[in-house]
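Participant: Give me a 3D structure for the following:
(one chain, ligands or ions: 2)
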Amino acid sequence: MVIRRIEAGNFRSYDELVFEPVAGLNLVVGKNASGKTNLLEAIYLCAYGKGFRGADADLLKRGRERAHVEANFRVGGGVDRTVRVELRRRTKEIAVGNKRLAKRQDLVGQFPVVLSGAWDFDIAAGDPKARRKYLDGLLGLLSPAYLATLRDYLRALKQRNLLLTEMREADPARLREKIEPWTESLIGYGSLLCARREAIVGELRERVRRYYTTIAGADEGVDLEYVPNVRAVEGSYADGLRRRFGELFEKERRRGLTLAGPHLDELLIQVGGVELRRFGSRGEQKTAVLALRLAQVEMIAEKRGERPVLLLDDVFSDLDIRRAERVLRAVGDLQVVATSAEEERVREVKGGVEGIVGLFRVEKGAGVQEISL
Ligand SMILES: Nc1ncnc2c1ncn2[C@@H]1O[C@H](COP(=O)(O)OP(=O)(O)OP(=O)(O)O)[C@@H](O)[C@H]1O
Ligand SMILES: [Mg+2]
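Facilitator: Ligands and ions are numbered 1, 2, ... in the order given. Got it, this is the predicted structure:
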């Protein structure tokens, strides 16, 4: 897939925005607060139906009552599709072509876009939540059914937790009986989530290692490992979860909380045999994050037959010049929109890149202009 054109009005810092990216690498430069991240958010909005910072109402330019963003995508086979998002203070309408969507979820995955930015440091350095979100994001773009299962799981978890808190003082046998259907839901949905996560990590491992090696210029021994909160018993996650909930009942009753399940899973990332989160340098962490995102793009392209567009915010920060160059080479002939506040650096780095390259400048109040290379 490629983005042919983005057009927006009253979106974030923009009165009007028109961006016609090239089919290859788009380098977007601009000073701090000029609107580079906002531009990526406009694209993201047309792929996911929401922004990636704050609430829908924050997307309206301050003081404006309505905003819109429209994206023209060319999907595999050369078909042009238009996504239009209309925003008001309290409502949002999403349309693909002239068909209005009933819910945001119907949009997700139709137009694959993968985003990476400074917040992705959480994947490398933060708590396990960010790493689960990475896996869920990948699995969600591969199959909407996964996202539906995840939602069902989280809903059951919430209900079970509610009962565990409300019935703290109740008779244990009665509590057990009440939570039983929710426990069964967690086992059913949870075992599906675990199996999918285990399989995907198996498929990611070599790809992440390859991209990491490409960007770092050396094989530093990156390894991924899925560490489920509850291990499978003889290959069955359902059996593992059922056994664990059996063991934990008394403790869960006392704590008033569900204490096991895939909402507590971990994705362990190691570089050179040590945990990236604890020992990795900033540059190593950034390299790993980019390798994870590139591997994600590759998997989506292979399994869906549609290559995602890659959005890289502040792409060169924390990377030395060699790694920065190698990132741009590693993206191959994908369509990429990469931003940076360091124009000098961008000009230096792009010397080493082949293929279709467009250079753009964002200025506050003046929108996005193509500039000469
Ligand atoms: N809803 C809004 N209405 C008006 N202005 C907004 C809105 N949301 C964000 N902004 C403004 O947009 C600017 C930030 O834009 P953005 O985050 O895209 O900058 P950037 O070019 O990515 O900067 P940096 O290089 O620092 O990352 C800020 O000045 C902010 O006040
Ligand atoms: Mg920014």
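
Participant: give me the residue from the stretch 101-250 of the chain nearest ligand 1.
Facilitator: residue 118 (8.1 Å; Cβ to the nearest ligand atom). To be clear about C-beta, it is placed using only N, CA and C from the backbone, and glycine gets the same treatment.

Participant: Now do the contacts for the nearest residue to that residue once chain neighbours are set aside.
Facilitator: Leaving out its chain neighbours, the residue that sits closest to residue 118 by Cβ to Cβ, 6 or more residues apart in numbering is residue 314, at 5.8 Å. Going by Cβ atoms under 8 Å, 6 or more residues apart in numbering, residue 314 touches 36, 37, 117, 118, 339, 340, 341.

Participant: Regarding the residue nearest in space to the middle of the chain, which helix or strand does it belong to?
Facilitator: Central residue of the chain (Cα atoms, centre = their mean): residue 137, 4.9 Å from the mean position. Assigned by DSSP states H and E, residue 137 belongs to helix 128-142.

Participant: now do residue 164
Facilitator: helix 144-166.

Participant: Show me what that helix is packed up against.
Facilitator: helix 128-142, helix 172-216, helix 237-255 (3 or more Cβ pairs under 8 Å, 6 or more residues apart in numbering; DSSP states H and E).

Participant: Assign the one residue in the stretch 51-200 of the chain that gets nearest to ligand 1 to helix, strand or coil.
Facilitator: At 3.8 Å from ligand 1, residue 62 is the closest residue in the stretch 51-200 of the chain, using Cβ to the nearest ligand atom. Taking DSSP: H, G, I helix; E, B strand; the rest coil as the rule, one finds residue 62 in the coil state.

Participant: and the gap between it and residue 13?
Facilitator: 9 Å (Cβ to Cβ, to the nearest Å).

Participant: So for the two, which sits in the more crowded spot?
Facilitator: residue 13 (18 against 8; other Cβ atoms under 10 Å).

Participant: ok, and that one, which helix or strand is that part of?
Facilitator: Applying DSSP H and E, one finds residue 13 in no helix or strand.

Participant: For the nearest residue to residue 131 once chain neighbours are set aside, which three-state class applies?
Facilitator: Nearest residue to residue 131, sequence neighbours excluded (Cβ to Cβ, 6+ apart): residue 267, at 4.0 Å. Look at residue 267: counting by three-state DSSP, its state is strand.

Participant: so what's residue 267 up against?
Facilitator: Contacts of residue 267 by Cβ under 8 Å, 6+ apart are 128, 131, 132, 134, 135, 197, 201, 224, 225, 226, 227.

Participant: likewise residue 163?
Facilitator: Counted by Cβ under 8 Å, 6+ apart, residue 163 has contacts 175, 178, 179, 182.

Participant: now with 6 Å?
Facilitator: 178, 179 (Cβ atoms under 6 Å, 6 or more residues apart in numbering).

Participant: what's the angle from the helix or strand hosting residue 323 to helix 172-216?
Facilitator: Under the criterion of DSSP H and E, residue 323 resides in helix 321-330. Here helix 321-330 runs at an angle of 100 degrees relative to helix 172-216 (axes from the mean of the first three to the mean of the last three Cα atoms, to 10 degrees).

Participant: what's the average pLDDT for helix 321-330?
Facilitator: Here helix 321-330 scores 93 as its mean pLDDT.
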